[in-house]
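*Asks:* Sequence first, then the predicted structure, then my questions.
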Amino acid sequence: MNLSGANLSSAQIYGANLAEADLSEAMLFGVDLRGANLEGANLFVADLTEARLRGANLSWVDLNGVDLTGADLFVADLTEARLRGANLSWADLNGAKVGGANLEGVDLVGAKANELTIWPEGFDPVAAGVIID
């Protein structure tokens, strides 16, 4: 599915199967993608500010340069996601699986996480600015 550059801001598409979809450069501000399957999707430089991605499958997703400021990623699966240069400031990462993800240059200042959040081996979330509840 090619949705590159689409404006889906504030759309209600929770539970959707968007595996392998091309959403690069899409406007997804405030989109509701709770429980959606985005495995392997291309979200390169998409705007996911304040997106609701609670419980979404984002494993193996290209999130390089994506703005996820204030996004709800509660229990989301970001296993092996590419997040280089992404903005996750003020995001809710409580219970999220971020193991194996590339966090190089990721802004995590003010993001919230808990003891159930899974981080890449050797990664120090507190040093990166994450608030652990």
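*Replies:* Arrived safely.
*Asks:* Contact partners for D47?
*Replies:* Contact partners of D47, counting by CB atoms under 8 Å, 6 or more residues apart in numbering, are 26-29, 66-67. From N, CA and C alone the C-beta is placed, and that goes for glycine too.
*Asks:* in the sheet, who's paired with it?
*Replies:* Going by DSSP bridges, D47 is paired in beta bridges with M27, D67.
*Asks:* Could you list the low-confidence segments of the protein?
*Replies:* Regions of the chain meeting the criterion pLDDT under 70 are absent.
*Asks:* how about 90 then?
*Replies:* Low-confidence segments of the chain (pLDDT under 90): 1, 102, 133.
*Asks:* residue boundaries of the strands in it?
*Replies:* 112-113, 131-132 (DSSP state E).
*Asks:* Save the ones you listed as a markdown table, and put in mean neighbour count and distance to Q12 too.
*Replies:* Shown next, in a markdown table, are these (neighbours: other CB atoms under 10 Å; distance: least, CB to CB, whole Å):
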| stretch | mean neighbour count | distance to Q12 |
| --- | --- | --- |
| strand 112-113 | 20 | 24 |
| strand 131-132 | 14 | 29 |
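*Asks:* Tell me how far P120 lies from S9.
*Replies:* P120 sits 31 Å away from S9, going by CB to CB, to the nearest Å.
*Asks:* Hmm, I typed the wrong one, I wanted L63.
*Replies:* L63 is 18 Å from S9, by CB to CB.
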